[in-house]
Every structure is written in C-alpha cells, then in structure tokens.
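**Student:** Okay, predicted coordinates and the sequence, questions at the end:
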Amino acid sequence: MFPENLSPPDAPADLDSRFVFDFQAYDDLGHGQRWSTWLDVEPLSRGPEPRPDWVVTSQGAIDTDLGILKTGKEADVFLLDRTDPHDLTQSVVMAAKRYRSPEHRTFHRSASYTEGRSMKRSRDERAIKRKSTFGREVAAGEWAISEWSALQRCWDLGLPVPYPVQIDGTEILMEWITVPGADEPETAPRLAQTRPDRALLESYFEQLREAMVTLVQSGLVHGDLSAYNILAAGERLVIIDLPQLVDLVGNAGGFDFLLRDCTNVCGWFARRGLEVDPQALFGDLMAHAF
C-alpha cells in the first residue's frame with residue numbers, strides 16, 4: 001500500500017521516466033527496486049558521523065520506491081524504503097530528492113545565489129553559461145552537490161535539518177521528516193499549512209531565530225527561507241531546501257538575502273498574530289554576525 005498522499009511509481013505521466021524510478025530489475029528484484037547503493041558511493045558521499053541508528057548500511061538491503069512525495073521545478077522528492085529482507089531491524093523509509101534531467105528541467109535559480117562560488121573546471125562553467133545540454137547536466141549535479149554540502153554543514157552545526165544519508169549523482173537520500181506520534185507515518189506539514197496556538201507560535205519563532213543566528217555566526221544565509229520550506233514536526237521545526245545557501249560576506253547580495261529571509265519569516269508570524277519586526281530581527285542577526 002502506498003501512503004495516502006503519494007502516487008505509485010508509474011503514475012505521473014508528465015515526469016521524466018528516470019524520476020519515476022528508473023531502477024533496473026536485478027536478479028529476482030521487482031519493478032521499482034534496486035540493491036542498496038550505500039556501498040556504491042564514496043565514503044565522502046555518505047552522511048556525517050556519528051550516524052543515527054536508523055541509517056541502514058547492510059550490503060543486502062533493497063531499495064524500493066514508494067512513490068512521489070513532492071514535485072518541483074528543479075527536483076522531485078520521492079519516498080524510498082531501504083530494508084534488508086534478512087534482518088528486518090535494518091529498515092527505514094527516507095526522502096529521495098532527485099534533480100531533474102535536462103529534458104524536463106528548467107533551472108530558475110538566479111546567478112546571484114552562486115556569486116562567490118567557484119567551479120573546479122572552467123569547461124563546466126563555460127558549458128553552464130552556454131546553457132548546453134552538457135551544461136544543464138553539470139548544473140543539476142552542481143545544485144545536488146550544493147544541497148548535499150549545505151545539509152552536511154548545517155547538520156554539523158547542530159541546525160534543525162534532515163540528516164543527509166548519501167548522495168549519488170543527482171540523487172540525495174535524507175531523513176524523512178514525519179509527524180511525531182501519528183498512528184501511521186505521515187510527512188510533517190509545511191509551516192505555512194499550520195495554525196499553531198500562541199505558545200507554540202512563540203516557540204516556533206524562537207527556534208527559527210536561533211537557527212538563523214547559528215547560520216550567520218558561521219557566515220551563512222539560507223537565502224530562500226519562508227514558511228514554505230520549513231516543516232513543522234510537532235513542536236519542532238525542520239528547515240529544508242538548502243541548495244542556494246549563501247555566503248553572507250562572499251556574496252555581494254548576502255545581506256539583501258538575509259533581510260529578505262527576515263522579512264519572509266516575520267511576515268508569516270505577523271499574519272498569525274505574533275508581533276515581530278523584520279528590521280529588529282535583521283539587526284539582532286547582524287549583531288551576532290560580527
């Protein structure tokens with residue numbers, strides 16, 4: 001059975017078939033299955049240590065696609081079950097974020113996000129500027145790597161982000177954020193979908209303020225922070241969608257991005273009845289940045 005809010009793997013006809021789980025059937029594996037790719041990737045492509053107990057590292061584990069969770073312009077998110085059939089204690093459902101193929105993708109990320117970043121190969125940079133097919137493939141890989149690096153860095157900083165399990169090409173496997181205490185596993189809603197009471201609203205704002213402080217103290221800005229890329233997992237907030245993470249000082253627009261994040265966040269809380277001032281939050285963050 002697929003979770004209620006998911007589509008089976010072969011349902012979305014308009015999506016790139018590679019992202020409707022282009023897994024080959026190996027030996028006696030069924031459609032939408034593959035052997036775990038955990039050992040196929042380099043050690044640096046696996047999540048930071050110490051790893052959570054739920055991470056499945058068994059060589060005999062099988063990956064099974066459970067369907068699409070969320071579609072986007074640059075990437076789609078699926079649910080992926082990784083289970084060792086000979087040891088059912090080795091079992092977990094993860095979120096699989098897969099950046100789209102060149103034929104079904106249009107990157108609308110502004111170049112202003114990537115200002116201050118450098119690419120290892122000038123050939124790749126030229127290809128991206130020409131918007132060639134190869135350039136678009138490089139861009140997909142660059143955004144996946146950017147998000148992977150951002151997740152790792154934020155996790156190491158103790159920020160509330162999904163644990164990054166592994167990256168393989170343009171696919172990132174990460175922790176599936178669910179509603180705690182639910183009878184059946186259920187994806188945590190976006191903050192924009194919630195109507196918290198006053199006490200929880202205040203707690204949510206303080207959690208976000210602390211996360212933003214931690215970021216600026218490390219010279220970083222989310223760059224696209226809003227109630228739509230924050231998940232409400234019960235009383236805990238989790239920040240998602242990090243490929244555009246901005247260098248506060250190295251990027252000429254770093255402070256503008258920070259002010260925009262403050263404006264977006266405070267605007268949502270103000271509409272829910274919490275008196276917060278984006279300029280005051282911006283000033284508070286600037287005081288922690290230097």
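**Tutor:** In hand now; what should we look at?

**Student:** CA only for contacts and neighbour counts going forward, please
**Tutor:** Fine.

**Student:** quick one: stretch 159-179 to chain centroid distance?
**Tutor:** 6 Å (CA atoms, centre = their mean, to the nearest Å).

**Student:** got the end-to-end distance for that stretch?
**Tutor:** Separation of the first and last residues of stretch 159-179 by CA to CA, to the nearest Å is 19 Å.

**Student:** Would you mind listing the outside residues contacting it?
**Tutor:** 38, 41, 45-48, 55, 79, 93-100, 140-141, 144-145, 148, 151-152, 154-155, 185-189, 211, 214, 231-234, 237-240 (CA atoms under 8 Å, 6 or more residues apart in numbering).

**Student:** likewise stretch 274-290?
**Tutor:** Contacts to stretch 274-290, defined as CA under 8 Å, 6+ apart, come from residues 198, 201-202, 209, 212-213, 216-219, 258-259, 262-263, 265-267, 269-270.

**Student:** Can you select the buried ones from the residues you listed in ChimeraX?
**Tutor:** Burial among these is assessed by 16 or more other CA atoms under 10 Å; the matching ChimeraX selection reads:
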select :201,209,212,213,216,217,218,219,258,259,262,263,265,266,267,269
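
**Student:** hmm, back to that, please indicate which of the contacts of stretch 159-179 are buried?
**Tutor:** 38, 45-48, 55, 79, 93-100, 140-141, 144-145, 148, 151-152, 154-155, 186-189, 211, 214, 231-233, 237-240.

**Student:** Just those residues: which are in helices?
**Tutor:** Using DSSP state H, the members of the buried ones among the contacts of stretch 159-179 that fall in helices are 140, 141, 144, 145, 148, 151, 152, 154, 155, 211, 214.

**Student:** Turn those residues into JSON lines, including distance to residue 180 and pLDDT.
**Tutor:** Formatted as JSON lines, these follow (distance: CA to CA, whole Å; pLDDT from 0 to 100):
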{"residue": "140", "distance to residue 180": "33", "pLDDT": "58"}
{"residue": "141", "distance to residue 180": "33", "pLDDT": "78"}
{"residue": "144", "distance to residue 180": "28", "pLDDT": "92"}
{"residue": "145", "distance to residue 180": "30", "pLDDT": "93"}
{"residue": "148", "distance to residue 180": "25", "pLDDT": "96"}
{"residue": "151", "distance to residue 180": "22", "pLDDT": "97"}
{"residue": "152", "distance to residue 180": "24", "pLDDT": "97"}
{"residue": "154", "distance to residue 180": "22", "pLDDT": "98"}
{"residue": "155", "distance to residue 180": "20", "pLDDT": "98"}
{"residue": "211", "distance to residue 180": "21", "pLDDT": "98"}
{"residue": "214", "distance to residue 180": "25", "pLDDT": "98"}
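
**Student:** how much space between the residue positioned nearest the centre of the chain and residue 162?
**Tutor:** Geometric centre of the chain, nearest residue: residue 241, 4.1 Å, by CA atoms, centre = their mean. Counting by CA to CA, the gap from residue 241 to residue 162 is 10 Å.

**Student:** Which parts of the chain are helices?
**Tutor:** 111-114, 122-130, 133-156, 198-217, 254-271, 278-289.

**Student:** Burial check on residue 277, number of neighbours?
**Tutor:** By the measure other CA atoms under 10 Å, the count of residues near residue 277 is 16.

**Student:** could you measure it against residue 290, distance?
**Tutor:** Residue 277 is 21 Å from residue 290, by CA to CA.

**Student:** cool, residue 247 as well?
**Tutor:** According to CA to CA, residue 247 stands 14 Å off from residue 290.

**Student:** Which of the two has more residues huddled nearby?
**Tutor:** residue 247 (25 against 8).

**Student:** circling back to that earlier point, grab the nearest non-local neighbour of the residue nearest to the centre of the chain.
**Tutor:** residue 229 (6.2 Å; CA to CA, 6 or more residues apart in numbering).

**Student:** and if you look at residue 58?
**Tutor:** Closest to residue 58 by CA to CA, 6+ apart is residue 84, at 6.6 Å.

**Student:** That neighbour: neighbour count?
**Tutor:** If we define neighbours as other CA under 10 Å, then residue 84 has 20 of them.

**Student:** my guess is it contacts residue 62, does it?
**Tutor:** Yes. Here residue 84 reaches residue 62: they are 6.1 Å apart, a contact under CA atoms under 8 Å.

**Student:** Next, please give the residue ranges for the strands of the protein.
**Tutor:** 33-35, 62-70, 75-84, 87-99, 164-168, 171-175, 220-221, 230-233, 236-239, 246-247 (DSSP state E).
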